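Trainee: sequence? don't have it. structure:
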């Protein structure tokens, strides 16, 4: 399945029996599907259908959809002239000219008078309204398909980016696992040196007790468990990316797990090299989590 980003934009235009239709839809990050609509006056009746369509199509995101409806270019409405009224006005203008010498009336002047020329509103039948609504919703489907494609294109880029982050997390985990400081001989030498320093500092310390405590601390500092869990999370992340779909929340939870293990690795480390790896790991995990926020 494809991955979808939560950001995108699309526009669709259509024409229906002299009426132009235009949809603009865009989306940004959101925890759920939130839809804001801008519909022309008189088209509020479409709001439930538009919301339902968008909520069925997408899983997450803040959406804004704007509908523009107008008279298509070239569409003409036949004007209606009140010829009886116009004839009366023309006669009156002629008498005024003859009796008082006023300037003769012009055609455009007479037509501009209220009540002479009328451009009627289209009478919309129930059938015509239903057909227009269907055309508007069809145009919406086209716009949403474009938005979906835009989100998928960005989702493909995010898949590659997140896959690279997971590869980096795996590489750092393997570096920590293979670090020479984790070799048994190195651990024994480090503990022995710490015990010698303590014994030299105070002759009253119990050597056997000191060795027991050092062994206990060494056990607590072992990062084998964290490394194993990081490897498991890496495998889970790759499966999620391969399967696709609406996995944003799952990857966000996985990012939290990555962060938890990298924090623990840093706190348990007793070697500068492993601590440096842990800090680098935390930086990659932060980048991973930041990009995950953009996924549906």
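Mentor: Sure, I can see it. Everything quoted here is computed from the prediction, not taken from an experiment.
Trainee: mind listing the strands in the stretch 1-150 of the chain by residue range?
Mentor: Remark: strands assigned in the stretch 1-150 of the chain by DSSP state E, counting those that start in this stretch are 8-16, 19-28, 33-38, 61-71, 80-81, 117-118.
Trainee: For these, give me a markdown table that also has mean pLDDT.
Mentor: Listed next are the strands of the stretch 1-150 of the chain as a markdown table, based on pLDDT from 0 to 100:
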| stretch | mean pLDDT |
| --- | --- |
| strand 8-16 | 96 |
| strand 19-28 | 96 |
| strand 33-38 | 96 |
| strand 61-71 | 93 |
| strand 80-81 | 84 |
| strand 117-118 | 78 |
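Trainee: Turn the ones you listed into CSV, columns for distance to residue 293 and mean neighbour count.
Mentor: Placement of C-beta: from N, CA and C, glycine included. Formatted as CSV, those follow (distance: least, Cβ to Cβ, whole Å; neighbours: other Cβ atoms under 10 Å):
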stretch, distance to residue 293, mean neighbour count
strand 8-16, 15, 17
strand 19-28, 11, 20
strand 33-38, 16, 15
strand 61-71, 12, 18
strand 80-81, 59, 11
strand 117-118, 58, 13
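Trainee: Redo those as CSV? Include distance to residue 48.
Mentor: Below are these laid out as CSV (distance: least, Cβ to Cβ, whole Å):
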stretch, distance to residue 48
strand 8-16, 20
strand 19-28, 17
strand 33-38, 10
strand 61-71, 13
strand 80-81, 37
strand 117-118, 36
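Trainee: closest to residue 130 out of these?
Mentor: strand 8-16 (11.5 Å; Cβ to Cβ).
Trainee: neighbouring contacts of that closest one?
Mentor: 20-27, 72, 131-132, 135-136, 138-140, 142-151, 154 (Cβ atoms under 8 Å, 6 or more residues apart in numbering).
Trainee: ok so, going back, closest to residue 292 out of the strands of the stretch 1-150 of the chain?
Mentor: Of all those, strand 61-71 comes closest under Cβ to Cβ, at 14.5 Å.
Trainee: Could you find the closest non-adjacent residue to residue 247?
Mentor: residue 240 (4.9 Å; Cβ to Cβ, 6 or more residues apart in numbering).
Trainee: Show the end-to-end separation of stretch 30-47, please.
Mentor: 20 Å (Cα to Cα, to the nearest Å).
Trainee: wait, doesn't the residue nearest to residue 247 sit right on residue 253?
Mentor: No - with contact defined as Cβ atoms under 8 Å, residue 240 and residue 253 do not form a contacting pair (10.2 Å).
Trainee: ok, these two, which is more surrounded?
Mentor: Neighbours per residue, other Cβ atoms under 10 Å: of residue 240 and residue 253, the larger number sits with residue 240, 18 against 12.
Trainee: List the residues that contact that one.
Mentor: Residues counted as contacts of residue 240 (Cβ under 8 Å, 6+ apart) are 247, 250, 251, 254.
Trainee: let's see it at 7 Å
Mentor: Taking Cβ atoms under 7 Å, 6 or more residues apart in numbering, we find residue 240 in contact with 247, 250, 251.
Trainee: Same check on residue 3?
Mentor: Shown in contact with residue 3 (Cβ under 7 Å, 6+ apart): 155, 156, 158, 159, 244, 295.
Trainee: immediately after the helix or strand encompassing residue 232, which helix or strand?
Mentor: For residue 232, the element it lies in under DSSP states H and E is helix 224-243. The C-terminal neighbour of helix 224-243 among helices and strands, as given by DSSP H and E, is helix 248-268.
Trainee: got any ranges where the stretch 1-150 of the chain has weak pLDDT?
Mentor: Along the stretch 1-150 of the chain, the model assigns pLDDT under 70 to residues 72-77, 119-124.
Trainee: Try it again at 90.
Mentor: 1-2, 17-18, 31, 41-42, 70-126, 128 (pLDDT under 90).
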